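In: A structural model of the following input is requested.
(one chain, ligands or ions: 1)
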Amino acid sequence: MNKTKERTIRIGTRDSQLATWQAKQVAQELQKLGHNTELVFVKSEGDLDLTTPLTEMGGKGVFTKALDSAQLNDEIDIAVHSFKDLPTENPLPLKVAAIMERADARDSLVAPDGTEFLDDPDYKATIATSSNRRRAQWLHSYPNHEIVNIRGNVNTRLKKVERNDWDGAIFAAAGLERIDLGHHISAYLDWMVSAAAQGAMAVMIREGDTKMEEIVSQLNHDETAICTTIERDFLHDMEAGCSAPVGAYAFIENEEVHFKAVALTLDGREKYDYEDSVSVGEAGELGHSAAQTLLSEGAIKVIEEMKKR
Ligand SMILES: NCc1[nH]cc(CCC(=O)O)c1CC(=O)O
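Out: Model prediction:
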């Protein structure tokens, strides 16, 4: 490769602190391979409008649309996304060329005054989250708590928790840890099933851009790709969209894929669980078969509830 002749790779990202951190991470990896990079900041609808709940904002792709257009207009070469924000169906001529090694996939609780209240069954705590998946799982565990909506990027939400009278708010642990805010985490919610692809980043290229594909695919982390593919296959087949009360998490240990999935009614009262372990070689259909199993066991009700909204 002739490095002096190669154009600088333009990396598109949202301008939040977390998105910028993630894009810089990809930039660093590309630089290690000998490429020049440049960050291009693109504002998303999801970042500009902080009052409308995400679930009412036309749902799919509120964080990704602006980056998609920039990429289609050739203003950027590649785009770095939180993989969990990417819709499972993409009608555009853009594709994921690499999935970066996953960080902590867990959800976490930020509780400025401590977590003792969790042990008091009579205490009516107020917990902030705009995610239906987090809401439903939280209410399943703590039926007498109240959930309130909270919007904004990680920094904005953290400020809101510290200013408000809420007892706690739920965050992706990876989002806080990546930007050195992990010390705000009061508890890791090991019992909560995380969102499909939570904690992983995806690098998108234009379809047919073989040059970028060749470069970017070298960043792919195989185990993360296997696990997040299963999780996203499940989410896709549940036809539930990113705002559905559905969680999916896979990890690999001793050549086996361990997969956990959950679907709940919005009020958290009804819960459908799936758990299975299969060898890595046989895990190709795991996400699809898990969805079929849960739907036939009654989780179709959860999906119908989402469609009515
Ligand atoms: N929906 C917003 C979003 N998209 C990705 C992350 C965190 C990082 C990740 O999960 O990869 C977050 C914040 C959060 O859920 O608290």
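
In: can you pull out the helices in the stretch 151-300 of the chain?
Out: Applying DSSP state H, counting those that start in this stretch to the stretch 151-300 of the chain gives helices spanning 154-163, 173-178, 210-216, 222-237, 286-294, 300-308.

In: For these, give me TSV that also has mean neighbour count, distance to G12 and mean pLDDT.
Out: Heads up, the C-betas are built off the backbone N, CA and C, glycines and all. Converted to TSV, the helices of the stretch 151-300 of the chain look like this (neighbours: other C-beta atoms under 10 Å; distance: least, C-beta to C-beta, whole Å; pLDDT from 0 to 100):
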stretch	mean neighbour count	distance to G12	mean pLDDT
helix 154-163	16	19	92
helix 173-178	22	18	97
helix 210-216	16	12	97
helix 222-237	22	21	97
helix 286-294	20	28	97
helix 300-308	15	30	85
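
In: Which one of those lies nearest to W191?
Out: Proximity to W191 (C-beta to C-beta) singles out helix 173-178 among those, at 13.7 Å.

In: Give me the contacts around that closest one.
Out: Contact partners of helix 173-178, identified using C-beta atoms under 8 Å, 6 or more residues apart in numbering, comprise 18, 21-22, 82, 102-108, 110, 154, 158, 182, 184-185, 188, 198-199.

In: can you check stretch 108-122 too?
Out: Contacts for stretch 108-122 (C-beta under 8 Å, 6+ apart): 123, 125, 127, 142, 144, 158, 161-162, 167-173, 176, 184-189.

In: tell me, which of these make contact with the ligand?
Out: The subset of those lying close to the ligand, counting by C-beta under 6 Å from any ligand atom, consists of F171, A172.

In: And for the residue of the stretch 1-150 of the chain found nearest the ligand, the neighbour number?
Out: Of all residues in the stretch 1-150 of the chain, the one sitting closest to the ligand is S82 (3.4 Å; C-beta to the nearest ligand atom). Using other C-beta atoms under 10 Å, S82 is surrounded by 23 other residues.

In: what's the pLDDT at the closest residue to N220 other than its chain neighbours?
Out: Ranked by C-beta to C-beta, 6 or more residues apart in numbering and with sequence neighbours excluded, the top spatial neighbour of N220 is A98, at 4.2 Å. A98 carries a pLDDT value of 98.

In: Verify the contact between A98 and V216 for me.
Out: Yes. With contact defined as C-beta atoms under 8 Å, A98 and V216 form a contacting pair (4.8 Å).
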